[in-house]
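Undergrad: For reference, the sequence and a predicted model appear below.
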Amino acid sequence: MDWIRSTVALAKGGNQPARIKLGALLLAAVLIAGYAFSTGDPPKPAQTISANSFSEPKSSINTSLWVHVVGAVAHPGVYGVEAGSRLYEVVASAGGFTKSADQTSVNLARQVTDGEQIRVSARGGTTSAAPTNSLLSLNGSSAATLETLPGVGPKLAERIVDWRKSNAGFKTVADLRKVGGIGDKLFAQLKDLVSI
C-alpha cells in the first residue's frame, strides 16, 4: 500500500508518469468492480454445429431455403437451411451418407438453392430412392456429368454451369432454354432427362 501512497503524492506534485500510473490503476479498479457487480448474463460462446451433429432441422436456424435430399443418405427428405448453406451441411441435415453412398457423386462445397433436389448416388451410379435411369440435376451436376447428356459437349456443359452460377441456379427445367446454344430441338431431347 505504501507504493500507492507514494504514487498519489507524486501525482499531486505534478509527476506525469505517476499520474498515468494512478489513472491506469483507477481504470482497472473500475473495470474489475463493474465486472464483479454486473447483473447481466456473461456472453455466450458462439454455437458450433458439426457436419454430423444433426439429423433434422434445428428450430434456431433461419430456414430461408428448402432443399429436397434423396438417394444414399440416412434420412431422405425436405430440409430447411440458411441462405448460403453448402451441400455438405444439407447432407449432414439428412443424417449423412449411407455406407453405399458414392460421395463423389455430389459437389459438397457448392452452395444450394431454394427448391432444388439433391440426388446422392450409391456406388455403381444409382440412387437408392430412384431407378437406375434417374434424372441429372441441373443444379447439382458437374460440367463433366452434363456432357453425358445427348447433344451436350464440353462448351455447352460449361455454359450450363455458368448460367447456373450467374442466376443462382435453375428454378425450373424450362430455364434450360435460356442457356445460349439450347434451342427447341435440343431442349425437347433434354427436358425428360434432367431435373432441378
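TA: On my side now, so go ahead. Numbering: from 1, shown residues only.

Undergrad: how's this protein carved up into domains?
TA: The chain breaks down by automatic domain parsing into domains covering 2-36, 50-133, 135-196.

Undergrad: Now do the same for the second one: mean pLDDT, whole number.
TA: With pLDDT averaged residue by residue, domain 50-133 scores 74.

Undergrad: what sits against residue 86?
TA: 108-112 (CB atoms under 8 Å, 6 or more residues apart in numbering). C-betas here are computed from N, CA, C, even on glycine.

Undergrad: which one of those residues has the most neighbours?
TA: residue 112 (25 neighbours; other CB atoms under 10 Å).

Undergrad: From residue 189, how far out is that one?
TA: Distance of residue 112 to residue 189, computed by CB to CB, to the nearest Å: 27 Å.

Undergrad: How many residues are close by residue 179?
TA: 19.

Undergrad: so how far is residue 71 from the closest residue in space to it that isn't next to it in sequence?
TA: In this structure, residue 179 finds its nearest non-sequential neighbour in residue 163, 4.7 Å apart by CB to CB, 6 or more residues apart in numbering. Distance from residue 163 to residue 71, counting by CB to CB: 25 Å.

Undergrad: Same question for residue 148.
TA: In terms of CB to CB, residue 148 sits 18 Å off from residue 71.

Undergrad: Comparing the two, which residue is more hemmed in?
TA: In this view residue 148 and residue 71 are compared by other CB under 10 Å, and residue 71 has more residues nearby, 25 against 11.

Undergrad: so the more buried one sits right up against residue 117, yeah?
TA: No - in this structure residue 71 lies outside contact range of residue 117 using CB atoms under 8 Å: 9.6 Å.

Undergrad: Quick check: pLDDT value at residue 31.
TA: So residue 31 comes in at 65 (pLDDT).

Undergrad: got the residue ranges for the strands in the chain?
TA: All strands of the chain, identified by DSSP state E, fall at 65-71, 77-81, 117-122, 126-127, 136-137, 194-195.

Undergrad: okay, those strands in CSV with distance to residue 100 next?
TA: Formatted as CSV, the strands of the chain follow (distance: least, CB to CB, whole Å):
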stretch, distance to residue 100
strand 65-71, 10
strand 77-81, 18
strand 117-122, 4
strand 126-127, 9
strand 136-137, 19
strand 194-195, 21
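
Undergrad: and of these, who's closest to residue 168?
TA: strand 65-71 (10.5 Å; CB to CB).
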